[in-house]
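Peer 1: Build me a model:
(3 chains)
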Amino acid sequence: MLETLNQPAYLHFVITVGAFVLFAIGLIGVLSKKNLFKIFLSFSIIESSLFLFFIGNHYEVGKRAPIVADGVTTFDHQMVDPVPQAMILTTIVIGIAVLALGLSYVVCYYRLSGHTRIDKMDELGDAS
Amino acid sequence: MFSFAITPLGNLFFGMSVVVFVSLLFAGGRRGEWLWYVLLLGSLGLVFYADDLVTLFIGWEIMSWSSYFLIARRASSATLQKYIVFNLAAAFALLGALVLIYGAEGSVAYVAIDLSTLAPSHRIAIALLLFGTLFIKSGIVPFHYWVVDTYAQADERFSTVLSAIISKVGIFLFILFFVRFLPAELLPKGLFVLLAWLGVITSIIATFKAIDEDEPKRLLAYSSIAQVGYIITVIALLTNSALEAALYHAVIHTFVKLLLFVNVAAILHTTGRNTFSTLGGLMNTYLLNFLLLVIGIIALAGVPLLGGFSSKFLIYTTLLEAHQGLLLAAVMFSSASAFLYCYKLVYGIYLGQPTHDPEVSAPGRIPWGYYVPQVVGAALLLILGALPGAIVPYVNTILEDLSLAPVMDGGATVLATPFASFNGLVIWEAFVGIFLLILLGFLLLKNRSTRPRDRYDISYCGEVPRPDVNLHYGYGMGRELIRIGGIRTILTHHAHALWGRVIVVAGDGSHLIQRLYSLTAQNIAWLFVAFVTALLYLEVH
Amino acid sequence: MSLLLLIALPLIASFLMPFYRRFLRPVTLGLDLGLVGLVYAFYGQLPVQEMVSFSSPLSIAFRLDTASYFFVALFVGIRLFDSMYRLREAADPSYFIVGNLFLVGVLGLVLSADIFNLYIFFEIASISAYIFTAMKQDQQGYAGAITYMIVGGIASIFLLLAIMLIYLHLGYLTLSAIGAGFHTLDASMQRLILILLFVGFGIKAEIFPLNLWVADIYQAAPIRVDALFSSMLSKAYLFLFFHLVYLLHPDPASLRFLTVIGLVSFAVAELSALRSRNLKRIFAYSTLGQLGVAFAALASTDPMIIAGALFLIGAHSVAKVLLFFGLDALEEASGSVQVEAFATFRSPFLLTVFAIGFLSILGIPPLAGFIAKLTILEGFAATGYFWVVGSILFVSLIEATYFFRILSKRAHAEKTVEISLSSGRMILLGLLAAGLIILGIFPGEAMAFCTHAAQIFLSGVPHV
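Peer 2: You can find the predicted model right below:
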């Protein structure tokens, strides 16, 4: 019975649902957590859900990674589409860079303000 | 990009501007101001000689902001703000009309404009936008909010320009559009009836406000509004004689206000006081100025002898000719009431008891430059009084240029319309004769036992006033008017109540929206999610 | 010559920075002059298309047509102005690097012909903008940067999801191919992707209600950075937004929706500026307002209106650079950016600069902004959208109210703050101001270019 899950349609459905749940978890974190660290981590969760969604939807059971090595010299149909892999790799790098930048700003902000709560960030606005 | 045409109409208005500007050159002024005046005169040239709407609009806008910088030195922030916002509103309404015409015609050149094929709603929209410009520029109630403070706080040269020239630019625009591009038969008649009544109501309200004023410059500002109100009332009839009457009155009013503003400015400049209650009894000290003022108010009141009569005569005959009895009555009521503020002007400053303020009573010297504009104005008014037909040929040329049939006629001394005519020179002879007789009698019968009296030398009235009681009649003149029903309404209601509310409402709205822009990132995220959900919902349904 | 140089030169210059730390200012100037020369050299050969490195779909594709050329020239010009303005200051290596990254980001956004590269440049521009925001390293700056990152993170998630869906369902990433194949998708998927793209780029193009973060960011960032934000970053996204819009051939109803959103954006922004007291925020609101007008105009599909919008974008960029750099001088002298500080400075030159900036943004003749506004209004009137004309004019009046409120504050105020601008800076600012006047009086050539660019803009992209 579990064999049916190997069919692309089912597999992709399960992955999509899983990614959606992960996305929802991240979104709820972004919208409801007050701690800046948790908010940035929630962003990271959302991004992971997107990666999972994209890679998973281009994966079919039995296909190989699109890596030209170990005697393999050309791309063939037994490999998964290389473009999503390349895209996701790039996106992961960007995501990590942004996350690192964000967290370091949170640290800097904490040093100056003494808190990391988003609802206490009232430095900016027409009143000030 | 710019295109120009020399037209008689443009010549008349620009000629008046040049006369006013040049004569004001003598009446003092700061260094560095001339740049703005040159810019202003240039922009007026653009407006009056433009041959396409864009040139007209560019001139109009330069006129607005160069005036702003001229006022900026003296006026308060609030006044400046009022001035520029109202005038830009006028300019934007004009831009709206311009753009609508372009949208319909595909061109902005005057020759290409033919609005007779336009949809009626389109024409009405253009007319209403132009009315908006006219209302603001000419200070129709309640758009007069900016006028009085601006006139009062601008320096005296510039208030003269505002009253003498800038207040007429709206009239020029009206003639240009509603005679040349959008003749009355293309529009519902009701619009112009409304305009005529708005003009006369404005003039009545402004007249009573003027009587109630304590500052000569504010009084003159209200008087300006009232006089332009007459012009609007008569021009809204859009007959050929109405056009002539309006042009005639515009010319007269320009020179009357040139004279009066500079006259008052000279006194304010010399004495350093700017209210009637602190002035008074200055006739002997400034006799020449006094005589010039008398000439000015005679012309302003429209009494025979001076040019003012000719233009009032034309206004009345035009209204009679058009069978507008009610309008005529209203205009006459307003003109008759205008005597009161004319009287207040001359009484408050020159007659009555001298103040006990030694600085004011001390004889000062008015710089000679202040007499130049006054003499120019007075001379033109005297000439037009004796020779009322002198400018008729010119006004007729303007009508012919606009392809209308002139109606005025007569030689230099006679002003004739199909309805009535009078001979200015005969009136002059009669008046001068009578005046000389009275003067003779006065000199013969004058009580030689008079002695100079002190301000408080009225103890025979039964009570001795304290020194702090202001006895000057100019101080309280007009106060009794508040007891009269309708006039009380006029005097106790101010445009500020209306516009102040508008400002408050806009400010509240602004604060409300500002709070949106000060949300924390998380609340913004919530709003984004809500927005996306709303979009998805809308797309699904 | 390759378009890649426009992207690569600043990046290479950044990497090699340690080798010429001491000569940073001449190198910056040389780099900028080189870029200007490069852009000038491309003028005769438009449109240019290029594929770098691999074959499709892994290629990096660039495209430069008359419409994007307008933006590239604008960005490089403003960048040159900024470098020259800094010429007498101590060189700041971090500013050099972030500035180059920023330039690469905005140029890449305009040049990219491939949606995934677009995403990469989107992130490059965003990251450099975050760093710019926190450049002052104070509490406000960090708070602004964090806010910006949260909002930008949301935008990038939406964009990424849209790109993934596009690839999942179409199988390619080249913009022109997406434009051609988008209609083969089923309708609900099309709408979903459009909404995701709209929100992703709408946040960055600063359109109401997706622009609620902007004023805070402008307030947090250094003033001269604000000038770059409002004249480069937001303009790049505006171009991109409508480049995609016209690529995907939207239906007229959606375009009307965009026009309405632009007008609402204009009205809301100007209204909120009415009672603001912080000049940085006021200028930010004014930027939002002008972007709203440009947005409404770009959504019109009429070449004349779009030409007007491009002219508006150019004129507004120049005017905002003037205003922000003027404000920078004011802040340096008085230490405040409140409206009250504006009332007290004494410098006829700076006052003239401010006045020219204000009047041009308001669209008062004879300045460049007037020509833009007139063209847009005439275009809308000629196509029968009178309600648009009416609302633009009405909201302009609100705009006039607060601009002149700032100017009127100077009446009767004690002028105590002396402003000392070096003559070099005065010449630079004076040149920009003169440019606004000259463009206003002789708009012919520039308007002809904008009209040509608008036609290219509307014709869709050439096939790569």
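Peer 1: What values do phi and psi take at B:Asp155?
Peer 2: When read as degrees, to the nearest 10, the backbone of B:Asp155 gives phi -70, psi 170.
Peer 1: Equivalent analysis for C:Gln338, please.
Peer 2: phi -80, psi 160.
Peer 1: That one - nearest residue in space that isn't next to it in sequence?
Peer 2: Spatially, and ignoring its direct neighbours in sequence, C:Gln338 is nearest to C:Arg277 (5.6 Å; C-beta to C-beta, 6 or more residues apart in numbering or on different chains). Backbone N, C-alpha and C define where each C-beta goes, glycine included.
Peer 1: Identify the residues contacting that neighbour.
Peer 2: A:Asp126, C:Gln338, C:Val339, C:Glu340 (C-beta atoms under 8 Å, 6 or more residues apart in numbering or on different chains).
Peer 1: any idea how far it lies from B:Ala127?
Peer 2: 40 Å (C-beta to C-beta, to the nearest Å).
Peer 1: and the gap between the nearest residue to B:Leu9 once chain neighbours are set aside and chain C?
Peer 2: Closest residue to B:Leu9 apart from its sequence neighbours, by C-beta to C-beta, 6+ apart: B:Ile398 at 5.0 Å. According to C-beta to the nearest C-beta, to the nearest Å, B:Ile398 and chain C sit 28 Å apart.
Peer 1: Just to be sure, B:Ile398 is in a helix?
Peer 2: Yes. The assignment for B:Ile398 is a helix, going by DSSP: H, G, I helix; E, B strand; the rest coil.
Peer 1: neighbours of it, just the number please.
Peer 2: A total of 22 residues lie near B:Ile398 under the criterion other C-beta atoms under 10 Å in any protein chain shown.
Peer 1: dump the residue contacts of it.
Peer 2: Neighbours of B:Ile398 in contact, by C-beta under 8 Å, 6+ apart: B:Thr7, B:Pro8, B:Leu9, B:Leu12, B:Leu247.
Peer 1: same deal with C:Ala411?
Peer 2: Here C:Ala411 is in contact with B:Ala72, B:Ala75, B:Ser76, B:Ser77, B:Leu80 (criterion: C-beta under 8 Å, 6+ apart).
Peer 1: B:Val85 too?
Peer 2: Counting by C-beta under 8 Å, 6+ apart, B:Val85 touches B:Trp146, C:Leu397, C:Ala400, C:Thr401, C:Phe404.
Peer 1: ok now the helix or strand hosting it, how far from the chain's centre?
Peer 2: Assigned by DSSP states H and E, B:Val85 belongs to helix B:77-105. Centre-to-centre, helix B:77-105 and its host chain are 19 Å apart (C-alpha atoms, centre = their mean, to the nearest Å).
Peer 1: now do stretch B:200-212
Peer 2: Its chain's C-alpha centre and that of stretch B:200-212 lie 12 Å apart, by C-alpha atoms, centre = their mean.
Peer 1: How many residues are close by the closest residue to chain B within chain A?
Peer 2: Among the residues of chain A, A:Gly125 lies closest to chain B, at 3.3 Å counting by C-beta to the nearest C-beta. The number of residues packed near A:Gly125 is 18, by other C-beta under 10 Å.
Peer 1: part of a helix, is it?
Peer 2: No. Secondary structure of A:Gly125 (three-state DSSP): coil, not part of a helix.
Peer 1: close enough to count as contact, it and B:Ser518?
Peer 2: Yes. With contact defined as C-beta atoms under 8 Å, A:Gly125 and B:Ser518 form a contacting pair (3.3 Å).
Peer 1: what's the overlap in contacts for those two?
Peer 2: Common neighbours of A:Gly125 and B:Ser518 (C-beta under 8 Å, 6+ apart) are C:Asp216.
Peer 1: Please report how far C:Ala145 lies from chain A.
Peer 2: Taken as C-beta to the nearest C-beta, the span from C:Ala145 to chain A is 5 Å.
Peer 1: which residues touch that residue?
Peer 2: A:Tyr105, C:Tyr130, C:Ile131, C:Thr133, C:Ala134, C:Ala220.
Peer 1: with the residues you listed in mind, which one is nearest to C:Met304?
Peer 2: Of all these, C:Met304 sits closest to C:Thr133, with 37.2 Å by C-beta to C-beta.
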